[in-house]
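Engineer: Below are the sequence and a predicted model; questions follow.
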Amino acid sequence: EKKLLNERNIIDSEDIVETLIPLGITEIPETYDVLWKRDSTKNLLRFIDKERGIMKKSKIITISVSKTSKIVSALKSLSEDSTFRTLKKANIIEGIESALTVYSNYIRKGIQLEKVFEVLPEIECYRERLILLWTHLLSNSIWAVKGEGQIKILARVIENNIKVSIEDNGVGISSDIQDKVFEPFYTTKKAGEGTGLGLYISKQVVLEHKGEVSFQSSNGRTIFEVVLPISN
């Protein structure tokens, strides 16, 4: 583009290209040549560069506001007054299916999903809270496989417990951060992609049901296991 501008006798072609390319402008029509040939071209470029800086800061603010909104929403869910929760008999598999519905779009586009569900007894639980748990765990797996991997969900009865395993073949969790994944606000995702509260909330939900959550991870395989007592 700089060469084309030179051929059109635009003097400040290098400055023009360096200012416009970061804005995503890759073509400069000849109809604007009269603009670039004026004596005020440098002032115009300075103005555009200043506006570019404002746009960049605006984008950062938008991302920060979005992330803050997610954090507030997650904390609200976590701190919800227990009087608004009702213990009732529920089927764990139905809750997992509800969470899967949220991500049906991602799954249809390239994720190979395998479900192995035994016949499970209903348990007394906070149904909506458990759906939140499955939603967070599935979200992590979908993010780990980048929309193109394999996810396997296994639900079965072991002694007096229901054990749910969610396994994926994604990037894995490096050993040096595995002891931090359940900490609040800790995340390995880019700014705006995560709040760092998903796994923290997941653990709190499991503890509310007097259960246990654990995971194993290496490159290409991560499995989260949730154990919930049938009789609480």
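Structural biologist: The structure has been received and is ready for your questions.
Engineer: going forward, measure contacts between C-alpha atoms and count neighbours the same way
Structural biologist: OK.
Engineer: okay, now the residue lying closest to Val102 once chain neighbours are set aside: neighbour count?
Structural biologist: Excluding its sequence neighbours, the residue lying closest to Val102 (Cα to Cα, 6 or more residues apart in numbering) is Thr135, at 7.8 Å. Neighbours of Thr135 under the rule other Cα atoms under 10 Å: 22.
Engineer: Next up, identify which helix or strand Thr135 is on.
Structural biologist: For Thr135, the element it lies in under DSSP states H and E is helix 127-145.
Engineer: Just the pLDDT at the residue nearest to Val102, thanks.
Structural biologist: For Thr135, the model assigns a pLDDT of 92.
Engineer: right, and it touches Glu97 too?
Structural biologist: No - look at Thr135 against Glu97 with Cα atoms under 8 Å: they stay out of range, at 9.9 Å.
Engineer: Sketch out the low-pLDDT regions of the protein for me.
Structural biologist: Applying pLDDT under 70 to the chain flags residues 1-46, 49, 52, 57, 59-85, 185-196, 232.
Engineer: try it again with 50
Structural biologist: Regions of the chain meeting the criterion pLDDT under 50 cover residues 71, 74, 78, 81, 83-84, 192.
Engineer: where do the strands sit along the chain?
Structural biologist: Ranges of strands in the chain, per DSSP state E, are 88-90, 112-117, 123-125, 150-158, 161-168, 212-218, 221-229.
Engineer: With distance to Tyr103 as added columns, please give those strands in TSV.
Structural biologist: TSV is the format used below for those (distance: least, Cα to Cα, whole Å):
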stretch	distance to Tyr103
strand 88-90	21
strand 112-117	11
strand 123-125	23
strand 150-158	12
strand 161-168	14
strand 212-218	22
strand 221-229	18
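Engineer: ok, Ile166 - contacts?
Structural biologist: Shown in contact with Ile166 (Cα atoms under 8 Å, 6 or more residues apart in numbering): Leu137, Leu138, Ser141, Ile151, Lys152, Ile153, Leu154, Ile223, Phe224, Glu225.
Engineer: Next, count neighbours for the second one.
Structural biologist: For Leu138, the count of nearby residues is 23 (other Cα under 10 Å).
Engineer: Please tell me how far it sits from Phe215.
Structural biologist: Applying Cα to Cα, to the nearest Å, the value for Leu138 to Phe215 is 14 Å.
Engineer: Please apply the same query to the last one.
Structural biologist: Using Cα to Cα, one gets 6 Å for the distance from Glu225 to Phe215.
Engineer: cool, and the first one?
Structural biologist: From Leu137 across to Phe215, the span is 11 Å (Cα to Cα).
Engineer: Which neighbours do those two have in common?
Structural biologist: Joint contacts of Leu137 and Phe215 (Cα under 8 Å, 6+ apart) are Phe224.
Engineer: Which one's more surrounded, these two?
Structural biologist: Leu137 (20 against 14).
Engineer: That one reaches Leu197, doesn't it?
Structural biologist: No - counting by Cα under 8 Å, Leu137 does not reach Leu197; the two are 11.5 Å apart.
Engineer: who's in contact with stretch 131-138?
Structural biologist: Contact with stretch 131-138 is made by 95-96, 98-100, 102, 166, 198-199, 201-202, 205-206, 224, as judged by Cα under 8 Å, 6+ apart.
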